[in-house]
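In: This is a predicted model, with the sequence first.
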Amino acid sequence: MSEKKFFRVPSLVTMPCAWSVGPFLDRFYAELGQKKIVGTRCPKCRTVFVPPRSVCGACWKPLTKWVELKDQGELVNYTVAHVDMRGAALQTPRILGMVKLKGGGAKVTAIYGEIKGVAPDRVKVGMKLAAVWADEPKGELTDLSYFQPVSK
Amino acid sequence: MFERKVAIVGYAMSDQADRIEDTREGMIFDTVRAALLQAGITRDQIGTVVMCSNDFYDGHTISNAFTVEPAAAYAKDETKVEQDGMHALLYAAMRLASGNYDVALVVAHSKGSEFEAQVALSAQLDPTYDRQFGWFNDISMAAFQARAFLDKKKLPEEVLAQVAAKNFANARKNPKAKARDYSAAAEAIARSKPLFTPLREQTVYPVTDGCCVAVLAAEPKARKMKNKPIWIKGIGHWQEAYALSERDLTKMESAKKAAKRAYKMAGVTQPAAEIKVAELSEHFAHQELQLAEALGLCEGTSAAKNLEAGRFGLKGKLPINPSGGALSACALGTVGLVRAVEAAQQVLGEAGEHQVKGVKLALAHGQCGPAAQNNVVAVFGK
Amino acid sequence: MAEEEKKAAGETKSVKGAWDVKYRWTFRQDLMDRYVAGLKEKKLWGTKCHRCGRVYVPPKDICGKCFEEIDENWVEVKDRAELVTYTVGYTSITGQPYPEPQITGTVRFEGSDSWALGPIRGLKPEDIKVGMKLKVVWREETKGQLSDIEHYAPAE
């Protein structure tokens, strides 16, 4: 048997992509540019989907009713990131949250957002939060810069 | 219900470790050859081959085009799934149940040491929204699920370390698991490097290289093979909403529904009593507890209490992951098939040092998607 | 198209991203070393399946047809080849027009059962024929690299 030897070839596969977001997210992003957060409501189960969906998976109903949410809500879930997406350590941990916004009734799906203005060891599910907007919103995800605790 | 019964009649797996001294093709070739030898068949007897890998893991599209030959699929009916090896097993079983083939080969592989796992995994997320945040990968998605579960059950984070400690202790008895140092006790695991809280380095799967192969056969052929057939008594598959915000993260609804179908097909009415060992794809420590609850494997309703009482330990009433599970070793895409092969070995009494005594029915689980969106549950028995 | 026109045509916002993953692929060094060492001497070496006798150039370690490992069964083949098939390219793979059409051929070396790909020069697209005899045109000073085979040209 011959002695097998191996070598490794480093390679970076880079393929730039551009995705059309479709009419529902298109309106969502445009409304962010007006400092507004919108979703769509299911006519059957009444769930408000934020960001908006075109169809309710559970009820299999097309969603046509638009709802504007308040830019305040409650933290329903969070994780404190100590590493970035590729696994590199962060100098300062970041709080990544899921926030249920007010103004859509009982069933509103939570929206992702970074939480600032509270220490990672003080963050609590249930805390009241308000959106902090970019000074000059452009219809981008980053228009909603982050959420911070509502001052009492 | 299958028209014809289908069984595992042979298997092989590579070490689950960084296999720097091996090409992908070499790893697959060696493992498939070992499985054919173990099953006592030649390549000519294989009707169909179902592979599991992922183009993003392999670094090129339609990546199975390059692995046809080492997988013994040359000039055969071959396809690939990009979910989990357990899904590949499901589809292979259906191909056999259909009556079109008598023998199928299921081949799952990946070489985690050759790619940036979390970058590749983030490609499973919605590019028009989720990926635009730049912080989502497989771990941060699952972290939300872990937080939701712990909060709902009022459990401390340390319970995650206890799951890992149990599985690491099992992995010490599994010669195939070589992904980490398994000596850590719960206290040390609970202090391991935080990634996305409450998940830490040692409560998240370690990505390795690996290949796992199962040989399946349908009756009557399955009864004429060299090995005793280990039948797929029941199998179920379920899917839930993609978006975390549209699911109840405290439960694993799709795993529960998948199990319900598998149990119905297998005639299992009291899973906690009838299932004697379970191999679960707990990619993250909390998922083992969530799965144990969703799959009805607990005495009472709290998996954490069952764990604490030692019921899921190797010498417990219903050992979970005697192999060490995915927390001990995880070649992405092979995990569910490894669980299925481990379950079959348990029924056969061939699990070696981590053998559980007197296993009549064994359960195996596979998953894919962010925070276990998609689940397959199978019950194996003689 | 202007933004307004795109909107009117039903186009929606576009967001960017990339398949951007680093890989470290593993190869058999011993096989490649032996092959490129041959190229340096202007020789072509391949591996021969123990069972079916098929010769693979460049070398393979598995004969998929027989499901057999090929171990240390080296054979030398001639640097003359037959054209198996070809294509005439008028644009690059990204669609840029070439100044001159480029012929890419699939060739089988005499003594080999597998095919190799490479550029064919020294003839016009209208003169090329499947089955024609070709020769390897070596780089003047071979270095033990895959690019030691510069191209293929019609055999005299």
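Out: Thanks, I have it.
In: Any figure for the gap between the residue sitting nearest the centre point of chain A and A:Lys100?
Out: By CA atoms, centre = their mean, chain A has its centre lying nearest to A:Tyr112, at 2.7 Å. Relative to A:Lys100, A:Tyr112 is positioned 11 Å away (CB to CB, to the nearest Å). No exception for glycine: its C-beta is placed from N, CA and C like everyone else's.
In: any residues touching the strand or helix carrying B:Val159, and which ones?
Out: Assigned by DSSP states H and E, B:Val159 belongs to helix B:158-171. Helix B:158-171 is contacted by residues B:146, B:150, B:177, B:180, B:182-187, B:189-190, B:198-200, B:202-203, B:282, B:284-286, B:288-289, B:304, B:307-308, B:312-314, B:319, B:321-325, B:327-329, B:354 when judged by CB atoms under 8 Å, 6 or more residues apart in numbering or on different chains.
In: now, which of those residues lie within strands?
Out: Of these, the ones assigned to strands by DSSP state E are B:199-200.
In: which element is A:Phe7 on?
Out: Using DSSP H and E, A:Phe7 sits within strand A:6-20.
In: The helix or strand following that strand close to chain B?
Out: Sequence-wise, the next helix or strand downstream of strand A:6-20 (DSSP H and E) is helix A:22-32. Yes. Using CB under 8 Å from any CB of the partner chain, helix A:22-32 comes into contact with chain B via A:22, A:25.
In: pLDDT averaged over helix A:22-32 - what is it?
Out: When pLDDT is averaged over helix A:22-32, the result is 97.
In: Please identify the buried residues of stretch B:254-272?
Out: B:254-263, B:265-266, B:268, B:271-272 (16 or more other CB atoms under 10 Å in any protein chain shown).
In: whoops, I mixed them up, stretch A:125-137
Out: The neighbour-count check on stretch A:125-137 (16+ other CB under 10 Å) flags A:127, A:129-131, A:137 as buried.
In: With stretch B:126-137 instead?
Out: By neighbour count with 16+ other CB under 10 Å, stretch B:126-137 contains the buried residues B:126-133, B:135-137.
In: okay, how far is it across it, tip to tip?
Out: 11 Å (CA to CA, to the nearest Å).
In: Quick one: low-confidence residue ranges for chain B.
Out: B:1 (pLDDT under 70).
In: Which stretches in it count as helices?
Out: Listed in chain order, the helices found in chain B under DSSP state H are B:24-39, B:55-58, B:85-97, B:117-122, B:130-133, B:138-153, B:158-171, B:186-189, B:253-266, B:271-274, B:285-294, B:303-308, B:325-328, B:335-348.
In: Could you tell me which residues within the fourth one count as buried?
Out: This points to helix B:117-122. Using 16+ other CB under 10 Å as the test for burial, helix B:117-122 gives B:117-122.
In: go on, the third one?
Out: Neighbour-count burial for helix B:85-97 flags B:85-93, B:95-97 (criterion: 16+ other CB under 10 Å).
In: Now do it and helix B:335-348, the angle between them.
Out: Angle of helix B:85-97 versus helix B:335-348, following axes from the mean of the first three to the mean of the last three CA atoms, to 10 degrees, is 70 degrees.
In: hang on, C:Leu134 packs against C:Pro119?
Out: No. Contact status for C:Leu134 versus C:Pro119: not in contact, 11.1 Å apart, counting by CB atoms under 8 Å.
In: anything in contact with each of these two?
Out: Residues within reach of C:Leu134 and of C:Pro119 at once, by CB under 8 Å, 6+ apart, are C:105, C:152.
In: Pick out whichever of these two has more residues nearby.
Out: Using other CB atoms under 10 Å in any protein chain shown, the more surrounded residue of C:Leu134 and C:Pro119 is C:Leu134, with 24 against 15.
In: Spit out the contact partners of B:His60.
Out: Shown in contact with B:His60 (CB under 8 Å, 6+ apart): A:13, B:66.
In: Could you find the closest non-adjacent residue to the residue nearest the centre of chain B?
Out: What sits nearest the mean C-alpha location of chain B, by CA atoms, centre = their mean, is B:Gly336, with 2.0 Å. Nearest-residue entry for B:Gly336: B:Gly366, 2.0 Å, with adjacent residues in sequence omitted and distances by CB to CB, 6 or more residues apart in numbering or on different chains.
In: Check the gap between the one you found and A:Gln72 for me.
Out: In terms of CB to CB, B:Gly366 sits 41 Å off from A:Gln72.
In: One more: C:Gly95?
Out: 51 Å.
In: ditto for B:Leu36
Out: 63 Å.
In: So for the two, which sits in the more crowded spot?
Out: Legend: neighbour count by other CB under 10 Å for B:Leu36 and A:Gln72, higher for B:Leu36 (21 against 15).
In: Tell me who's in contact with the more buried one.
Out: Counting by CB under 8 Å, 6+ apart, B:Leu36 has contacts B:10, B:42-43, B:46, B:72, B:215.
In: cool, B:Ala148 as well?
Out: By CB under 8 Å, 6+ apart, the contact list for B:Ala148 reads A:77, B:249-250.
In: go with 10 Å
Out: When contacts are counted by CB atoms under 10 Å, 6 or more residues apart in numbering or on different chains, B:Ala148 touches A:76-77, A:98, A:125, B:244, B:247-251, B:286, B:290, B:371.
In: Just name the closest of those to C:Lys65, please.
Out: Proximity of the contacts of B:Ala148 to C:Lys65 was ranked by CB to CB; the top entry is B:Ala371 with 43.5 Å.
In: wait, what's in contact with that closest one?
Out: So B:Ala371 contacts B:138, B:140-146, B:148, B:240, B:242, B:244, B:247, B:249, B:252, B:283-284, B:286-287, B:290 (CB under 10 Å, 6+ apart).
In: burial count for B:Ser323?
Out: Count around B:Ser323 with other CB under 10 Å applied: 28.
In: remind me which residues of the chain are low pLDDT?
Out: Using chain A. Residues of chain A that meet the cut-off, pLDDT under 70, sit at A:1-2, A:152.
In: hmm, I had chain C in mind actually
Out: Scanning chain C with the threshold set as pLDDT under 70 gives C:1-3.
In: who in it is up against chain A?
Out: Selection of chain C residues close to chain A by CB under 10 Å from any CB of the partner chain yields C:7, C:10-34, C:61, C:69, C:71-74.
In: from what I can see B:Leu327 touches B:Gln287, true?
Out: Yes. B:Leu327 is in contact with B:Gln287 according to CB atoms under 10 Å; the separation is 9.3 Å.
In: Please indicate which of the contacts of B:Leu36 are buried?
Out: Burial by neighbour count, 16+ other CB under 10 Å: within the contacts of B:Leu36 this picks out B:10, B:43, B:46, B:72, B:215.
In: Reformat those as JSON lines; add distance to B:Val376.
Out: Converted to JSON lines, the buried ones among the contacts of B:Leu36 look like this (distance: CB to CB, whole Å):
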{"residue": "B:Gly10", "distance to B:Val376": "20"}
{"residue": "B:Arg43", "distance to B:Val376": "27"}
{"residue": "B:Ile46", "distance to B:Val376": "22"}
{"residue": "B:Ala72", "distance to B:Val376": "24"}
{"residue": "B:Val215", "distance to B:Val376": "19"}
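In: Which ones among these also lie next to chain C?
Out: B:43, B:46, B:72.
In: returning to what we had before: so which other helices or strands are in contact with the strand or helix carrying the residue nearest to the centre of chain A?
Out: A:Tyr112 belongs to strand A:111-115 when assigned by DSSP H and E. If contacts are counted by 3 or more CB pairs under 10 Å, 6 or more residues apart in numbering or on different chains; DSSP states H and E, strand A:111-115 sits against strand A:72-83, strand A:89-101, strand A:128-133, strand A:144-149, helix B:130-133.
In: when you compare where that strand runs with where helix B:138-153 runs, what's the angle?
Out: Going by the same axes, to 10 degrees, strand A:111-115 makes 90 degrees with helix B:138-153.
In: OK, now which residue of the stretch 51-200 of chain B is nearest to chain C?
Out: At 2.3 Å from chain C, B:Glu69 is the closest residue in the stretch 51-200 of chain B, using CB to the nearest CB.
In: so what's that residue up against?
Out: B:25, B:28-29, B:75, C:60, C:62-67.
In: May I have the phi/psi pair for it?
Out: phi -70, psi -50 (degrees, to the nearest 10).
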